[in-house]
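1. Sequence below, structure please.
(2 chains)
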Number of protein chains: 2
Amino acid sequence: MSKPLILVTNDDGITAPGIRNLVEFMNEIGEVIVVAPNSPQSGKGHAITINQTLTFEEIKLDGPQKDYSLSGTPVDCVKFALDKILPRRPDLVVSGINHGANSSINVIYSGTMSAAVEAGVEGLQAIGFSLLDFSWDADFLQAKEYIQNIVRKVLLNPLPPGMVLNVNIPKLLKEEIKGVKVCKQAHAKWEENFDERINPHGKKYYWLTGYFNNMDKSEDADETALSDGYISVVPVKFDLTAYEYIPKLEQILEI
Amino acid sequence: MSKPLILVTNDDGITAPGIRNLVEFMNEIGEVIVVAPNSPQSGKGHAITINQTLTFEEIKLDGPQKDYSLSGTPVDCVKFALDKILPRRPDLVVSGINHGANSSINVIYSGTMSAAVEAGVEGLQAIGFSLLDFSWDADFLQAKEYIQNIVRKVLLNPLPPGMVLNVNIPKLLKEEIKGVKVCKQAHAKWEENFDERINPHGKKYYWLTGYFNNMDKSEDADETALSDGYISVVPVKFDLTAYEYIPKLEQILEI
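-> Numbers count the residues shown, from 1 in each chain, chains lettered A, B, ... in the order given. From the prediction side, this is the model:
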């Protein structure tokens, strides 16, 4: 049997330690092609590049994989890889490992997860991985076995079309990780607090800052699993329809 | 009773005809404050500005509303308006009117709808409006009564927290519009086709192009309603969890 073809991308940029670790883990499982942004793209959500052009380059990095850096967003990377770079449809798309959490509401801001969701839209198997450690020298190796296990199981048991996984990993040593839990997206939000400053010319400018407010302590929420020491896995879909509300909405709109 | 406070934003930029029409329609219903991007932000999805700073300016445009232009994305506009500009929490956030459709899968790429979804995350009432006409001189007046009716009904019957509406309007004369239909997000996708060109220095570059492929002809899909001449209204939520798949995923991951 031929090796599975795995597309790897991320939002921290092609040279980030998180993606380099993920590439190493995937090299042990399949044939790997990397198409990732040439610059950091955190917080880019599901952005695509419409009003600008894109360029890409093959770059040579350690390992048997092929690496291509693209001047676009994570979602651009998935689209571009499919149309212009991959020799065939990949068996799996993995995104990450993100430097920092993409649990709960962060899934909608995250370039890492948007790349996985885009792969889902394309009908591909896809998983986004994130480690709850923002530092550049975070220890990704602690989660290696867990990540490889999840990937192998998904390759053996494909997800339904359009379904992708959002995997978040607590910042713990391997032996401290309690296991894997399937969860729902916790109900949480960022409380914004724009930091106002004055530039040398006297004009005000602002930095987006804020703190994370988890309003959801339920047992099956991803935030709960993570704070209990588990790896959280949330099945994610791109159909945003609130089906349960359709009958009530028809009443309200008097249709 | 005091007038409702309505925040208006969009992704085509603060001077686009679509938002200027929406502002006029909302001025007849409430007290309007506009916080919108100072440049086009189509396709920005749920992007936020993390690694750059933001600036804003009050600008003077026709009408009783206040207008603020921000150097960020549509989602930034909602966050910034809440933290720095609005005197109190608004009774409603409306986004649009977008020049072009945001039906079916476009909801995840759309800056217009991401602004509405962000308002939903903030627990606010929110509606995104889009007209199926990309042209700058599109006739937004044909849908004025429908838009005002939907807004008035939502103000009288608030949506559940976190729920927002995605309203798409066919390019028809008022008397040709058949009515309003509550729908689900059609299953559709863009088939990418990157257009390759050579720059004057001999280097390849690419434009994202493609065509829309609707795979969902079901009666209750938004694309069907629109092609039948109806205004489509999809209730949208930001919880992306595929709840129905959790038990099966636990089996696959052998938890």
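
2. which stretches of the stretch 1-150 of chain A form helices?
-> All helices of the stretch 1-150 of chain A, identified by DSSP state H, counting those that start in this stretch, fall at A:17-27, A:74-80, A:106-109, A:111-121, A:144-156.

3. JSON lines for those helices, including mean pLDDT and mean neighbour count?
-> All C-beta spots, glycine's among them, are computed from the backbone N, C-alpha and C. Output for the helices of the stretch 1-150 of chain A, formatted as JSON lines (pLDDT from 0 to 100; neighbours: other CB atoms under 10 Å in any protein chain shown):
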{"stretch": "helix A:17-27", "mean pLDDT": "98", "mean neighbour count": "22"}
{"stretch": "helix A:74-80", "mean pLDDT": "97", "mean neighbour count": "29"}
{"stretch": "helix A:106-109", "mean pLDDT": "94", "mean neighbour count": "25"}
{"stretch": "helix A:111-121", "mean pLDDT": "97", "mean neighbour count": "30"}
{"stretch": "helix A:144-156", "mean pLDDT": "97", "mean neighbour count": "17"}
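
4. Redo the ones you listed as a markdown table? Include distance to residue B:104.
-> As requested, the helices of the stretch 1-150 of chain A are exported to a markdown table (distance: least, CB to CB, whole Å):
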| stretch | distance to residue B:104 |
| --- | --- |
| helix A:17-27 | 31 |
| helix A:74-80 | 16 |
| helix A:106-109 | 18 |
| helix A:111-121 | 11 |
| helix A:144-156 | 27 |
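
5. Return the distance of residue A:33 relative to residue A:173.
-> Going from residue A:33 to residue A:173 by CB to CB, to the nearest Å gives 32 Å.

6. and if you look at residue A:249?
-> 49 Å.

7. Pick out whichever of these two has more residues nearby.
-> Legend: neighbour count by other CB atoms under 10 Å in any protein chain shown for residue A:249 and residue A:173, higher for residue A:249 (21 against 8).

8. Model confidence for that one, exactly?
-> On pLDDT, residue A:249 comes in at 95.

9. Quick check: it touching residue B:235?
-> Yes: when contacts are counted by CB atoms under 8 Å, residue A:249 is listed as touching residue B:235 (5.3 Å).

10. shared neighbours of these two, anything?
-> B:159, B:165, B:182 (CB atoms under 8 Å, 6 or more residues apart in numbering or on different chains).

11. so the first one makes contact with residue B:125?
-> Put plainly, it is residue B:159. Yes: with contact defined as CB under 8 Å, residue B:159 counts as touching residue B:125 (5.8 Å).

12. who's more crowded, those two?
-> Neighbour totals were compared for residue B:159 and residue B:125, and residue B:125 leads with 24 against 21 (other CB under 10 Å).

13. show me the contacts for that one.
-> By CB under 8 Å, 6+ apart, the contact list for residue B:125 reads B:91, B:92, B:93, B:119, B:154, B:155, B:158, B:159, B:164.

14. how about the residues of the stretch 1-150 of chain A that lie near chain B?
-> Contacts of the stretch 1-150 of chain A with chain B, taken as CB under 8 Å from any CB of the partner chain, map to A:40, A:42-51, A:53-56, A:75-76, A:79-80, A:82-84, A:105, A:107-109, A:114, A:117, A:121-122, A:150.

15. where in chain A is pLDDT low?
-> A:1 (pLDDT under 70).

16. residue boundaries of the strands in it?
-> Secondary structure of chain A (DSSP state E): strands located at A:5-9, A:31-37, A:56-59, A:66-70, A:92-99, A:126-131, A:164-169, A:179-182, A:188-192, A:195-198, A:204-207, A:210-214, A:230-236.

17. list the buried ones in the second one?
-> Judged by neighbour count using 16 or more other CB atoms under 10 Å in any protein chain shown, the buried positions of strand A:31-37 are A:31, A:32, A:33, A:34, A:35, A:36, A:37.

18. Using a markdown table, please lay out those together with distance to residue A:191.
-> Below are those laid out as a markdown table (distance: CB to CB, whole Å):
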| residue | distance to residue A:191 |
| --- | --- |
| A:31 | 44 |
| A:32 | 39 |
| A:33 | 40 |
| A:34 | 36 |
| A:35 | 35 |
| A:36 | 31 |
| A:37 | 28 |
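
19. quick one: which of the residues you listed is nearest to residue A:137?
-> residue A:36 (19.3 Å; CB to CB).

20. does that closest one really touch residue A:18, like I thought?
-> No: Residue A:36 lies out of contact with residue A:18 (CB under 8 Å); the separation is 10.4 Å.

21. residues bridging contact with these two, i.e. touching both?
-> Residues touching both residue A:36 and residue A:18 (CB under 8 Å, 6+ apart) are residue A:10.

22. Could you dump the shared contacts of residue A:249 and residue B:235 into JSON lines with distance to chain A added?
-> Output for the shared contacts of residue A:249 and residue B:235, formatted as JSON lines (distance: CB to the nearest CB, whole Å):
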{"residue": "B:159", "distance to chain A": "8"}
{"residue": "B:165", "distance to chain A": "8"}
{"residue": "B:182", "distance to chain A": "5"}
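
23. which of those residues lies closest to residue A:200?
-> Proximity of the shared contacts of residue A:249 and residue B:235 to residue A:200 (CB to CB) peaks at residue B:165, which lies at 44.5 Å.

24. Report the contact partners of the closest residue to the closest one other than its chain neighbours.
-> Of all residues not flanking residue B:165 in the chain, residue B:127 sits nearest, at 4.4 Å (CB to CB, 6 or more residues apart in numbering or on different chains). Residues in contact with residue B:127 (CB under 8 Å, 6+ apart) are B:92, B:93, B:94, B:95, B:116, B:150, B:151, B:154, B:164, B:165, B:167.

25. Can you get me a residue count around the second one?
-> This means residue B:93. 29.

26. and it, bridged to which residues?
-> Beta bridges link residue B:93 to residue B:7, residue B:126, judged by DSSP bridges.

27. OK, contacts around it?
-> B:6, B:7, B:8, B:9, B:78, B:115, B:116, B:119, B:124, B:125, B:126, B:127.

28. and it, how far is that from chain A?
-> To chain A, residue B:93 is 15 Å away according to CB to the nearest CB, to the nearest Å.

29. swap in the third one?
-> In this view, residue B:94 and chain A are 16 Å apart by CB to the nearest CB.

30. What's the local residue count around that residue?
-> Count around residue B:94 with other CB under 10 Å applied: 34.

31. Touching, residue A:82 and residue A:76? I think so.
-> No: with contacts counted by CB under 8 Å, residue A:82 stays clear of residue A:76, the gap being 10.9 Å.

32. List the contacts of the closest residue to residue A:144 other than its chain neighbours.
-> Among residues not flanking residue A:144 along the chain, residue A:25 sits closest, at 5.6 Å (CB to CB, 6+ apart). Shown in contact with residue A:25 (CB under 8 Å, 6+ apart): A:144, A:147, A:148, A:151.

33. what do you get for residue A:27?
-> Residue A:27 sits next to A:63, A:64, A:65 when contact means CB under 8 Å, 6+ apart.

34. Which residue comes closest to the last one once chain neighbours are left out?
-> Closest residue to residue A:65 in three dimensions, ignoring its sequence neighbours and counting by CB to CB, 6+ apart: residue A:32, at 3.7 Å.

35. what's residue A:182 in contact with, if anything?
-> Taking CB under 8 Å, 6+ apart, one finds A:233, A:234, A:235, B:246, B:249, B:250, B:253, B:255 in contact with residue A:182.

36. switch the cut-off to 6 Å
-> Residues near residue A:182 by CB atoms under 6 Å, 6 or more residues apart in numbering or on different chains: A:233, B:246, B:249, B:250.

37. list the contacts for the second one?
-> Residue B:246 sits next to residue A:182 when contact means CB under 6 Å, 6+ apart.

38. Against residue B:186, how distant is it?
-> Distance from residue B:246 to residue B:186, by CB to CB: 25 Å.

39. now swap in the third one and tell me
-> Between residue B:249 and residue B:186 the computed distance is 26 Å (CB to CB).
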